[in-house]
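>>> Have a look at this fold, sequence not included:
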């Protein structure tokens, strides 16, 4: 793993910034002592854990959130991109308030679910839709539908990509698994943590991103073994290594390969959908898969997700061959928020604003790197972007491991939280924007970034 600045200096700065954070957050420390008595590690999800304690938050408005110590913070985390609409957007608040007075749940059909599906049908070029409640549910059901449609069991994913927390996709995701990965053209299938049967992991084959030739050869080899994949599930742009964009022509080749071999192509747009364009990566890159999964930003922070599919594939659901079910699917409260988001918030002007803010961040961070001779570079797409602390280009998980200085990613989080910015921690090191972000938020980010770069290059 790369180290592009002096490790001792990074450790010294980390100790300094940790001490500063402890001094600023006594109420979070106190709440943690209470929380860990009832919540495992004091949090509701392992992705919220942090040593020596997490920072707890109270409320948000627009592009800002407030922690329990009363600090006003620019939110570049945005719930991993869920809040592209901004916190407590008036149109969303009004829609939810009106809906809840009429009842929040029936487990019966409602008109808003039809209207939301019509918007998604137009934007993502998918014929038919079903709703679920989270990205994990969406990818789980999409894989089941693809298996039923093809009559095959094996699935293929990209090494390093996260597609939710069900067994078949909790495979070949993180650094620990990378150490045991095997050769690039024949990756091993490694469970991501305990509790996942090896038999489940063995049904999922990982291949590198941005390498269509290896994908096709692996499909052909699996076919010869009688294990042709039912589907390839992938992000069109990887979003958990910062941001890794597809190389020119890569997605088109993947589309050709999957069609040629009769493999269902699923774009997991949980992170790109709504956040990068009204039609997500389908619109951005112009490649139409067989299925799409959405979540996160769909309902402006309420738990809603969706599965889009071609007319042919939808037949295994409409016929009753696949039981795609869920009590909360199409929940009226979530559908009201999703409809308001698409009709009133995420307008063409909103996407222009996101592009403008992202362009500013990229240009100003690039200028900082140039000013200090710092070996980093930016990548961005609409509401998402990052500075790669890297000595070489990152285009898949292997190059991420080779080039990215993860220690600097961790230090960057500390610099930001101490200077009024919250972002995703660790290797996620990226900014996620909302329509409420403004020039002041940009300056806060850039000033913090310059503090970091100046200190590590001094």
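Arrived safely, thanks for sending. Computed from a prediction, not measured in an experiment: that's the story for all the values here. Numbers count the residues shown, from 1 in each chain.
>>> ranges for the strands of the chain?
57-61, 64-67, 72-75, 128-132, 155-158, 204-207, 231-234, 264-268, 291-294, 305-309, 377-381, 384-388, 421-422, 431-432 (DSSP state E).
>>> Throw these into TSV and include mean pLDDT, thanks.
Listed next are the strands of the chain as TSV, based on pLDDT from 0 to 100:
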stretch	mean pLDDT
strand 57-61	98
strand 64-67	98
strand 72-75	98
strand 128-132	98
strand 155-158	98
strand 204-207	98
strand 231-234	98
strand 264-268	98
strand 291-294	98
strand 305-309	98
strand 377-381	95
strand 384-388	94
strand 421-422	97
strand 431-432	94
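>>> Out of the ones you listed, the one nearest residue 328 is which?
strand 128-132 (8.2 Å; Cβ to Cβ). The way it works is simple: take the backbone N, C-alpha and C, and place the C-beta from them, glycine included.
>>> could you say what helices and strands that closest one packs with?
helix 111-124, helix 135-150, strand 305-309, helix 311-318 (3 or more Cβ pairs under 8 Å, 6 or more residues apart in numbering; DSSP states H and E).
>>> In CSV, list the strands of the chain along with distance to residue 50 and mean neighbour count.
Output for those, formatted as CSV (distance: least, Cβ to Cβ, whole Å; neighbours: other Cβ atoms under 10 Å):
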stretch, distance to residue 50, mean neighbour count
strand 57-61, 13, 14
strand 64-67, 13, 19
strand 72-75, 15, 21
strand 128-132, 29, 23
strand 155-158, 27, 25
strand 204-207, 28, 24
strand 231-234, 30, 26
strand 264-268, 26, 28
strand 291-294, 28, 30
strand 305-309, 26, 28
strand 377-381, 25, 20
strand 384-388, 20, 25
strand 421-422, 11, 21
strand 431-432, 18, 30
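>>> closest to residue 87 out of these?
Closest among those, using Cβ to Cβ: strand 57-61, at 3.2 Å.
>>> What strands flank the closest one, and is each parallel or antiparallel?
Here strand 57-61 has these sheet partners by DSSP bridges: strand 64-67 (antiparallel).
>>> List phi and psi for the residue nearest the centre of the chain.
Nearest to the geometric centre of the chain sits residue 271, at 3.8 Å (Cα atoms, centre = their mean). Backbone torsions for residue 271, taken as degrees, to the nearest 10, come to phi -100, psi -30.
>>> In contact with it, which residues?
80-81, 235, 239-240, 296, 384 (Cβ atoms under 8 Å, 6 or more residues apart in numbering).
>>> Try it again at 6 Å.
81, 239 (Cβ atoms under 6 Å, 6 or more residues apart in numbering).
>>> How about residue 308: what's its closest non-neighbour residue?
Nearest residue to residue 308, sequence neighbours excluded (Cβ to Cβ, 6 or more residues apart in numbering): residue 126, at 3.1 Å.
>>> got the phi/psi numbers for that neighbour?
When read as degrees, to the nearest 10, the backbone of residue 126 gives phi -110, psi 140.
>>> Give the burial count for it, as a bare number.
Neighbour count of residue 126, defined by other Cβ atoms under 10 Å: 27.
>>> Measure how far the worst-scoring helix or strand of the chain on mean pLDDT is from the centre of its chain, please.
Least confident helix or strand, the chain: helix 175-178 with a mean of 78, by mean pLDDT, DSSP states H and E. For helix 175-178, the distance from its own C-alpha centre to the chain's C-alpha centre is 19 Å (Cα atoms, centre = their mean, to the nearest Å).
>>> Tell me the buried residues in it?
Buried residues in helix 175-178, counting neighbours by 16 or more other Cβ atoms under 10 Å, are found at 177-178.
>>> go on, stretch 178-187?
178, 181, 187.
>>> do the same with stretch 155-174
Within stretch 155-174, judged by 16+ other Cβ under 10 Å, the buried ones are 155-173.
>>> what do you get for stretch 338-350?
In stretch 338-350, counting by 16+ other Cβ under 10 Å, buried: 338-342, 344-346, 350.
>>> Please narrow those to those residing in helices.
Among those, the residues falling in helices (DSSP state H) are 338-340, 350.
>>> Can I get the residues you listed in TSV including distance to residue 106 and pLDDT?
Output for these, formatted as TSV (distance: Cβ to Cβ, whole Å; pLDDT from 0 to 100):
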residue	distance to residue 106	pLDDT
338	17	98
339	17	98
340	19	98
350	31	98
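>>> from those residues, which is closest to residue 446?
residue 350 (22.4 Å).
>>> Nearest spatial neighbour of the closest one, chain-adjacent residues omitted?
residue 435 (4.6 Å).
>>> Report pLDDT for the one you found.
Note for residue 435: predicted pLDDT of 98.
>>> Now do the contacts for it.
86, 350, 353.
>>> and residue 386, bridged to which residues?
In beta-bridge terms (that is, DSSP bridges), residue 386 pairs with residue 379.
>>> what's the spacing between it and residue 377?
Computed as Cβ to Cβ, to the nearest Å, the residue 386 to residue 377 distance reads 10 Å.
>>> residue contacts, residue 3?
residue 405.
>>> ok, now with 10 Å
Applying Cβ atoms under 10 Å, 6 or more residues apart in numbering to residue 3 gives the contacts 10, 389, 391, 405-408.
>>> between those residues, which is closest to residue 301?
Looking across the contacts of residue 3 and measuring by Cβ to Cβ, the closest to residue 301 is residue 406, at 28.9 Å.
>>> Hmm, residue 388 and that closest one touching each other?
No. At 11.2 Å, residue 406 does not count as touching residue 388 under the criterion of Cβ atoms under 10 Å.
>>> Once you drop chain neighbours, what's closest to residue 438?
residue 63 (6.7 Å).
>>> who are the neighbours in contact with the one you found?
73-76, 78, 83, 86-87, 357, 433-438, 440-441, 444.
>>> hmm, 8 Å instead?
74-75, 86-87, 434, 436-438, 441.
>>> I'd like the residues you listed laid out as TSV, including distance to residue 116.
Output for the contacts of residue 63, formatted as TSV (distance: Cβ to Cβ, whole Å):
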residue	distance to residue 116
74	30
75	25
86	20
87	21
434	20
436	22
437	25
438	29
441	29
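>>> Could you count how many residues lie near residue 101?
Residue 101, neighbours per other Cβ under 10 Å, totals 8.
>>> quick one: pLDDT of it?
At residue 101, pLDDT is 97.
>>> try residue 320
The score at residue 320 is 95. That number is its pLDDT.
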